[in-house]
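J.: fold the following for me, if possible:
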Amino acid sequence: METKADNPSVQARRDILTAALQHIPFDGWTVKSLKQAVQDAGLPQGAEALYFPGGVIELIQFWSEEGDRLALEAIETRSMKNMRIRDKITECVWIRLSQMDGQEEVARRAMSRLSFLDTIGKAPQHIWASADMIWRAIGDTSTDGNYYSKRTILSGVIGASIVSWLSDMSEDKAKARAFLDGRIDNVMQFEKVKASARKRRAGMPSPTDMLSRLRYRRRRRRY
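T.: Coordinates of the predicted model:
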């Protein structure tokens, strides 16, 4: 049975992406980089229209998807069974960020290209996909409102952490790691406040019930 990894089309796309990463730091995410990558990958002229009909924007999306795929593979090799949720999330986000190691200029160029008017909304979509991958990787099965809130909050953490990662020029990215830890702490404190508020509300009488009882008492007084 042919798997996605064995699909010649997928492999050709990966070959093109690998070749393109050598040109993007200098020429950006451009048609020039894509065409040169096709040539470097040993594919026929014009093959970019076959493998990336969406052009450079589709290439950026594929780059992001490959980062998620490689991060998931790395996450699956880690033993996180006894870790707290917050520690699992932190570790998974760090693993995802680490997929950009050595590709900082590629990532900067991607952020720049995705800021154009013709790609409005694309960057948040890529970040959301990464957040979804991470939650699924640690076993999240929520389908209600928590599904969206978890991914929305984590998307904010990832987006901010990417900026920190790219601005940290140190080899060990210590400042970026400290920033990520701080963001996770902020989120967890916020969640604690929400949980505390829910508990307080649970012990309070329902406003609807109070109004109903008040109306009932008024009716009784009339009679």
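
J.: quick one: low-confidence parts of this protein?
T.: Applying pLDDT under 70 to the chain flags the ranges 1-6, 190-223.

J.: okay, now the domains of it?
T.: When the chain is parsed with automatic domain parsing, its domains come out as 1-53, 61-205.

J.: in TSV: the ones you listed, plus mean neighbour count.
T.: Quick note: C-beta positions are derived from backbone N, CA and C, even for glycine. Shown next, in TSV, are the domains of the chain (neighbours: other C-beta atoms under 10 Å):
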stretch	mean neighbour count
domain 1-53	15
domain 61-205	15
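
J.: what segments of this structure are helices?
T.: Taking DSSP state H as the test, the helices found in the chain are 8-20, 24-27, 31-40, 48-51, 55-76, 85-98, 104-113, 122-137, 145-167, 174-202, 207-222.

J.: what sits against residue 56?
T.: By C-beta atoms under 8 Å, 6 or more residues apart in numbering, the contact list for residue 56 reads 29, 30, 31, 33, 34, 113.

J.: switch to 6 Å and redo it
T.: Contact partners of residue 56, counting by C-beta atoms under 6 Å, 6 or more residues apart in numbering, are 29, 34.

J.: look up how far residue 31 lies from it.
T.: Distance, residue 56 to residue 31, by C-beta to C-beta, to the nearest Å: 6 Å.

J.: do residue 167 as well
T.: Distance, residue 167 to residue 31, using C-beta to C-beta: 29 Å.

J.: and what of residue 165?
T.: On the measure of C-beta to C-beta, residue 165 and residue 31 end up 28 Å apart.

J.: ok, now residue 61?
T.: Per C-beta to C-beta, residue 61 is found 16 Å from residue 31.

J.: and residue 105, by the same measure?
T.: From residue 105 across to residue 31, the span is 19 Å (C-beta to C-beta).

J.: what's the answer for residue 185, then?
T.: Residue 185 sits 43 Å away from residue 31, going by C-beta to C-beta.

J.: same check, this time on residue 163
T.: 27 Å.

J.: please apply the same query to residue 8.
T.: On the measure of C-beta to C-beta, residue 8 and residue 31 end up 24 Å apart.

J.: look up the closest residue to residue 87, ignoring the ones flanking it.
T.: Leaving aside its chain neighbours, residue 87 sits nearest to residue 80 (7.7 Å; criterion: C-beta to C-beta, 6 or more residues apart in numbering).

J.: in contact with the closest residue to residue 159 other than its chain neighbours, which residues?
T.: Spatial nearest neighbour of residue 159, chain neighbours left out: residue 127 (5.2 Å); criterion: C-beta to C-beta, 6+ apart. Residue 127 sits next to 155, 158, 159 when contact means C-beta under 6 Å, 6+ apart.
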